[in-house]
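> 3D, please:
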Amino acid sequence: MPPLRPLIVCGILLALGAGAHAEPTLRAGATKQSIVPPHPTKMGGYFDRLDNFTGVSTPVYARALVCGNGEHTQALVSLDLIGVSDQLVKLARDKVAAETSIPAENVLICAVHDHSAPTGFVGMSLAGEADEDTALTEFLISTIAAVVKEAQAAMRPSRLGFAYGRLEGITRNRQQNNNEVVDPELGVLKVEAADSREIIGILCNFTGHPVILGSNNLLLSSEYPGRAAAVIEEVLGGVAVFPQGACGDVTMHRSGDPFEEIKRLGNIVAGEAIKTAGLITPSDDTALVSAVQAVTVEPRVLPSLVEAQERLESLQQALAKAKEGAETGPKTRRLEREADAAETTLNVVKLAQARPGLVDEACHTSVQVMQWGPLIVVGMPGELFVEYQLEMKQRVRQATGHPLMVAGYANDYIGYIVTPRAVHTGGYEQAIARVSHTAGRTLVEAAMTLAEAGMKKEE
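Numbers count the residues shown, from 1 in each chain. Sure, this is the predicted structure:
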């Protein structure tokens, strides 16, 4: 039966080919698109900045990383914005799902917390619906869907690898006024082509407020995260996607000309990311998981308008008396801080009266947990204090064996998420918060339940 041998060999090869094809193969794509609005808009980040932007210092972008393994496809989108509302995220997710094969719950949308970015879109207008910029909303939704669709179309066989770098000395805890309670780790997920060392994308995560430019700035800027991303892309290639960490109480050490500081700090972050990426050996880990959990948190109990006014007046009187007596030092600084916080609380009370749903809206939110090969990503819906991030990193490592990256300002914006300690130590963050000091614990436990139950453990 010699004539049958070629057919037998061919059948064996086909069987082997089918078996190889059945094994999960990771595919990835990353792209970016400008989100500089086609018309002037308000800028986020400062209550006292009321004018529209007048120009562009550095472009602002939507950046997307999409991965699929044949069974599951997911996307992470990072936006150079102050935050994202749950309304915007729902509309954008629905459009992504309609135009791609990616389910809405497999899309995480976060902001870098850029204080020099356009705002006023749905859910992010201080004046409420009456002042929303519908054209900006539609522009952002379309761009988010387009960048995800483009990244999906660019997917090709890939491998993932993760490592932490470390940056000491460039951040401080502004709420505690120290350099110790910060997170110096810089997370890097390297996405590399399977058949070469070509970089497809770099997921770079660091924790520090992008507030280098102040309220007098009227130029759009991608701040230090944008500078870091640009340098990473220039040196390594691919697209750098920057999810901001839990920087609610963490800011950047800075001095001098703010535009030069953006370059300096961005270069430092980029340098560490580039070094760390060079030390990563990607693996064949193809695990992709995404889970979203709705969460209800307790509202902050606000004082009445009369109580808030009386508190402010009392502190202002005490501060004036201290200054009249030529008192300086810790007591005066404490009174100044408390008076500033009392004024902020009064403004929140007034805003809550003008917008009755302001506090309640913040109490209904969600957390999202994703796995990207060796890495777990937790999406948190606001300005989480860094202590919670440090805790979650330890718990996820212990429970799953995987490193963790927190994507703050993800899928919603509920304001500051403070620790119980902050209720007693005070400060701006507690004064402007809309949710209770218990909210952080509720959100963390919801995220940890998802991570421990749904993520694939490292062997």
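> where exactly do the helices run in the stretch 151-300 of the chain?
223-236, 258-278 (DSSP state H, counting those that start in this stretch).
> so what does the first one touch, helix or strand wise?
In terms of contacts (3 or more C-beta pairs under 8 Å, 6 or more residues apart in numbering; DSSP states H and E), helix 223-236 is packed against strand 61-68, strand 199-205, strand 239-241, helix 258-278. The C-beta positions use only the backbone N, C-alpha and C, and glycine is treated the same way.
> before we move on, the earlier item: Val444: which of the helices of the stretch 151-300 of the chain is closest?
With C-beta to C-beta as the measure, helix 223-236 is the member of the helices of the stretch 151-300 of the chain nearest Val444 (24.2 Å).
> Check the offset of the closest one from the chain's centre.
Centroid separation for helix 223-236 versus its chain: 16 Å, with C-alpha atoms, centre = their mean, to the nearest Å.
> Then stretch 113-120?
Using C-alpha atoms, centre = their mean, the offset of stretch 113-120 from its chain centre is 13 Å.
> residues in contact with it?
By C-beta atoms under 8 Å, 6 or more residues apart in numbering, the surrounding residues in contact with stretch 113-120 are 35-37, 41-46, 53, 57, 60, 80-83, 125, 131-133, 136, 209-211, 213, 217, 219-223, 225-226, 244, 247, 383, 408-409.
> which of those count as buried?
Neighbour counting over the contacts of stretch 113-120 (16 or more other C-beta atoms under 10 Å) leaves 35-37, 41-46, 53, 57, 60, 80-83, 125, 132-133, 136, 209-211, 213, 217, 220-223, 225-226, 244, 247, 383, 408-409 as the buried ones.
> for this protein, longest strand please?
strand 156-166 (DSSP state E).
> In a markdown table, list the helices of the stretch 151-300 of the chain along with distance to Val377.
Converted to a markdown table, the helices of the stretch 151-300 of the chain look like this (distance: least, C-beta to C-beta, whole Å):
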| stretch | distance to Val377 |
| --- | --- |
| helix 223-236 | 16 |
| helix 258-278 | 16 |
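> returning to what we had before: comparing the helices and strands packed on helix 223-236, which comes out most buried?
Mean neighbour count, computed with mean count of other C-beta atoms under 10 Å, is highest for strand 239-241 among the helices and strands packed on helix 223-236, reaching a mean of 29.
> what does the model give Ala318 for pLDDT?
Ala318 is assigned a predicted lDDT (pLDDT) of 90.
> next helix or strand past the host helix or strand of it?
Per DSSP states H and E: Ala318 is located in helix 305-324. Next helix or strand after helix 305-324 toward the C-terminus (DSSP H and E): helix 330-354.
> Could you check how far that following helix is from the centre of its chain?
27 Å.
> Surely Leu443 is in contact with Val378?
No - using C-beta atoms under 8 Å, Leu443 is not in contact with Val378; the gap is 9.4 Å.
> Mutual contacts of these two, please.
With C-beta under 8 Å, 6+ apart as the test, Leu443 and Val378 both reach Val367.
> neighbour count winner among those two?
Val378 (29 against 26; other C-beta atoms under 10 Å).
> residues near the closest residue to Val297 other than its chain neighbours, how many?
Among residues not flanking Val297 along the chain, Ala439 sits closest, at 3.8 Å (C-beta to C-beta, 6 or more residues apart in numbering). Ala439 has 28 neighbours, counted by other C-beta under 10 Å.
> residues in contact with Ala439?
With C-beta under 8 Å, 6+ apart, Ala439 has these contacts: Val297, Glu298, Cys363, Ile414, Ile417.
> can you do 10 Å?
295-300, 362-363, 365, 381-382, 384, 414-418, 433 (C-beta atoms under 10 Å, 6 or more residues apart in numbering).
> what's the distance between Ile280 and Val269?
17 Å (C-beta to C-beta, to the nearest Å).
> repeat for Gln394
Counting by C-beta to C-beta, the gap from Gln394 to Val269 is 23 Å.
> again, but for Ile262
11 Å.
> Can you work out which residues contact both of the two?
Listed as contacting both Ile262 and Val269 by C-beta under 10 Å, 6+ apart are Tyr224, Pro225, Arg227, Ala228, Met252.
> which of these lies closest to Ala318?
Nearest to Ala318 out of the shared contacts of Ile262 and Val269 is Met252 (C-beta to C-beta; 32.2 Å).
> number of nearby residues for the closest residue to that closest one other than its chain neighbours?
Spatial nearest neighbour of Met252, excluding adjacent residues (C-beta to C-beta, 6+ apart): Gly208 at 4.6 Å. By other C-beta under 10 Å, 27 other residues sit near Gly208.
> so Gly208 touches Gly266, yeah?
No - here Gly208 does not reach Gly266: they are 11.2 Å apart, not a contact under C-beta atoms under 10 Å.
> Against Val191, how distant is the nearest residue to Val211 once chain neighbours are set aside?
If the residues on either side of it in the chain are set aside, Val211 comes closest to His115, at 5.0 Å by C-beta to C-beta, 6+ apart. The gap separating His115 from Val191 is 29 Å, by C-beta to C-beta.
> For the two, indicate the residue with more neighbours.
Val191 (26 against 23).
> residues contacting the more buried one?
Neighbours of Val191 in contact, by C-beta under 10 Å, 6+ apart: 26, 28-30, 65, 67, 158-161, 199-203, 238-239, 241, 277, 282, 372-373.
> Look up how far Gly256 lies from it.
35 Å.
> Centre of the chain to the one helix or strand Val377 maps to, how far?
Val377 is part of strand 375-379, with elements assigned from DSSP H and E. On the basis of C-alpha atoms, centre = their mean, strand 375-379 sits 11 Å off its chain's mean C-alpha point.
> For the nearest residue to Pro420 once chain neighbours are set aside, grab the count of nearby residues.
Among residues not flanking Pro420 along the chain, His437 sits closest, at 4.8 Å (C-beta to C-beta, 6+ apart). The tally of other residues near His437 (other C-beta under 10 Å) stands at 20.
> Can you give me the distance of His437 to Leu346?
His437 is 19 Å from Leu346, by C-beta to C-beta.
> Equivalent analysis for Asp94, please.
Noted for Asp94: a distance of 39 Å to Leu346, by C-beta to C-beta.
> which one of those two has more residues nearby?
Leu346 (20 against 14).
> Poorly predicted segments of the stretch 1-150 of the chain, please.
Low-confidence segments of the stretch 1-150 of the chain, defined by pLDDT under 70: 1-24, 125-130.
> if we go to 50?
Filtered on pLDDT under 50, the stretch 1-150 of the chain yields the residue ranges 1-22.
> in it, which spans are strands?
Using DSSP state E, counting those that start in this stretch, the strands found in the stretch 1-150 of the chain span residues 27-34, 42-43, 55-56, 61-68, 73-79, 107-111, 118-119.
> Buried ones in the fifth one, by neighbour count?
Going back to what we said before, that points to strand 73-79. Neighbour counts over strand 73-79 (16+ other C-beta under 10 Å) mark Thr73, Gln74, Ala75, Leu76, Val77, Ser78, Leu79 as buried.
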